[in-house]
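Asker: Predicted model follows, preceded by the sequence.
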Amino acid sequence: MFSFFDVTEVKFRIVLYPLEVGGNNLGKGQGSFKSSKGAGKIRLKCDTSVSDINVPPELADDPAKKETFLQSRFSLAFRFFVASDLRCRGPVRNDFTKVSTAGLPKEIEDWNFLKHVERGNLMVGVEAIGGVQEELPAEWEQISTDGVPVG
């Protein structure tokens with residue numbers, strides 16, 4: 001688990017899921033990276049509940065200030081990369097107070113992890129911008145699976 005920025009009380013983790021192959025007879029959690037030939041998806045999961053955060057007393061009785069405080073800790077724009085191909089995919093904006101796990105849009109969420117394995121290792125990363133921001137940096141334009149800007 002890890003934290004972003006100086007907000008150490010909110011913990012995140014990167015989770016890899018294999019692509020589902022074979023048909024509709026697989027239940028949740030029944031896929032494998034072996035059966036998907038190394039193909040999968042990346043998700044960012046927040047392991048901290050809103051109730052675990054100590055809201056300063058001066059904000060606790062003001063709903064708008066409390067929400068802004070929590071969003072500053074749980075709202076992120078993020079994008080993923082794999083080490084052998086440092087072109088990021090994303091960005092995705094998510095308020096982790098509402099949805100605890102988020103990933104890329106369907107059209108760019110599938111990765112061929114097998115082609116990125118180097119000496120038996122796969123390095124996956126996430127880059128994030130925290131808080132509530134209207135504008136993202138220009139270099140954060142959305143990138144498709146083939147590395148071409150979307151939009």
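Answerer: Perfect, I can see it now. All figures in this text were calculated on a predicted structure; none of them were measured in a lab.
Asker: Go ahead and flag the most central residue of the chain.
Answerer: In the chain, the C-alpha closest to the average C-alpha coordinate belongs to Leu44, at a distance of 3.0 Å (CA atoms, centre = their mean).
Asker: I'd like the distance between it and Arg93.
Answerer: Between Leu44 and Arg93 the computed distance is 12 Å (CB to CB, to the nearest Å). To be clear about C-beta, it is placed using only N, CA and C from the backbone, and glycine gets the same treatment.
Asker: Could you identify the longest helix within this protein?
Answerer: As assigned by DSSP state H, the longest helix anywhere in the chain is helix 63-74.
Asker: For that one, what is the distance to the chain centroid?
Answerer: Averaging C-alpha coordinates over helix 63-74 and over its chain gives two centres that are 20 Å apart (CA atoms, centre = their mean, to the nearest Å).
Asker: and that helix, what's its mean pLDDT?
Answerer: Mean per-residue pLDDT for helix 63-74: 87.
Asker: Which SSE is immediately downstream of it?
Answerer: Beyond helix 63-74 on the C-terminal side, the first helix or strand identified by DSSP states H and E is strand 75-82.
Asker: in the helix or strand just after that following strand, what counts as buried?
Answerer: Next in sequence after strand 75-82, counting helices and strands by DSSP H and E, comes strand 85-95. Within strand 85-95, the residues that count as buried by 16 or more other CB atoms under 10 Å are Cys88, Arg89, Gly90, Pro91, Val92, Asn94.
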